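Engineer: Any chance you could fold what I've pasted below:
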Amino acid sequence: MDERAWIELSSFEEDEIWASVYERLRFKPSIYEKDFPGFREPKPSITYSFSDIWGDDFSKLNADLNEKAHAIIRSATTADDFVYALDWQHQGYKFYPDKAGSAGNDEWIIPVLPDGDYHLFVEKSLAFGWLGHPWEQTICVFGQPMLVALKNHRPKVFRNPIRRRNSF
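Structural biologist: Reported below is the predicted structural model:
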């Protein structure tokens with residue numbers, strides 16, 4: 001059995017999951033505010049700004065964000081299950097959260113904090129996930145398993161939601 005936490009997607013797999021993201025989430029990448037949020041945020045979902053992360057406490061807040069995101073994703077998946085880890089315009093991966101160490105940036109190929117590109121962690125059928133928007137500086141957490149886990153592992157930088165979509 002493969003014990004790697006990160007497995008590169010084939011071109012076919014990558015094309016297939018991105019096609020779903022574009023179609024089902026109506027993904028429209030843009031740097032322009034008029035186009036934000038860039039996704040049709042699924043129901044149910046909560047979107048938080050992470051703009052407060054930049055500053056003197058960046059290291060602490062970023063470490064907390066990574067740790068809590070890992071706990072959320074791990075809680076939402078079953079043992080030996082994966083989510084797609086996608087970095088727009090870059091290599092995508094199958095990410096097995098149970099096989100990963102802590103979520104420090106050095107250990108995660110695709111960080112949970114978007115670094116200039118969209119970073120997504122989504123379940124195979126897009127039933128739940130984590131959508132990071134680099135220019136709006138937001139993270140949308142969606143789907144019941146992720147939202148339940150978010151209640152127990154809310155990152156410090158997630159102070160007040162800026163958008164909610166509550167019903168199916």
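
Engineer: The strand or helix carrying Phe12 - contacts with which helices or strands?
Structural biologist: Phe12 belongs to helix 11-24 when assigned by DSSP states H and E. Here helix 11-24 touches strand 83-87, strand 119-122, going by 3 or more CB pairs under 8 Å, 6 or more residues apart in numbering; DSSP states H and E. Glycine gets a C-beta too; all of them are placed from N, C-alpha and C.

Engineer: Which residue ranges of this structure form strands?
Structural biologist: Counting by DSSP state E, the chain has strands at residues 6-8, 45-49, 83-87, 93-95, 119-122, 129-133, 138-142, 161-165.

Engineer: would you list these in TSV and tack on mean neighbour count?
Structural biologist: Shown next, in TSV, are the strands of the chain (neighbours: other CB atoms under 10 Å):
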stretch	mean neighbour count
strand 6-8	15
strand 45-49	20
strand 83-87	24
strand 93-95	22
strand 119-122	25
strand 129-133	24
strand 138-142	25
strand 161-165	14
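
Engineer: CSV for those strands, including distance to Ala71?
Structural biologist: Conversion of those to CSV gives the following (distance: least, CB to CB, whole Å):
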stretch, distance to Ala71
strand 6-8, 18
strand 45-49, 16
strand 83-87, 14
strand 93-95, 14
strand 119-122, 13
strand 129-133, 12
strand 138-142, 12
strand 161-165, 19
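
Engineer: now those strands as TSV including distance to Phe58 and mean pLDDT?
Structural biologist: As requested, these are arranged in TSV below (distance: least, CB to CB, whole Å; pLDDT from 0 to 100):
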stretch	distance to Phe58	mean pLDDT
strand 6-8	25	94
strand 45-49	15	96
strand 83-87	21	96
strand 93-95	24	96
strand 119-122	17	96
strand 129-133	16	95
strand 138-142	16	96
strand 161-165	20	92
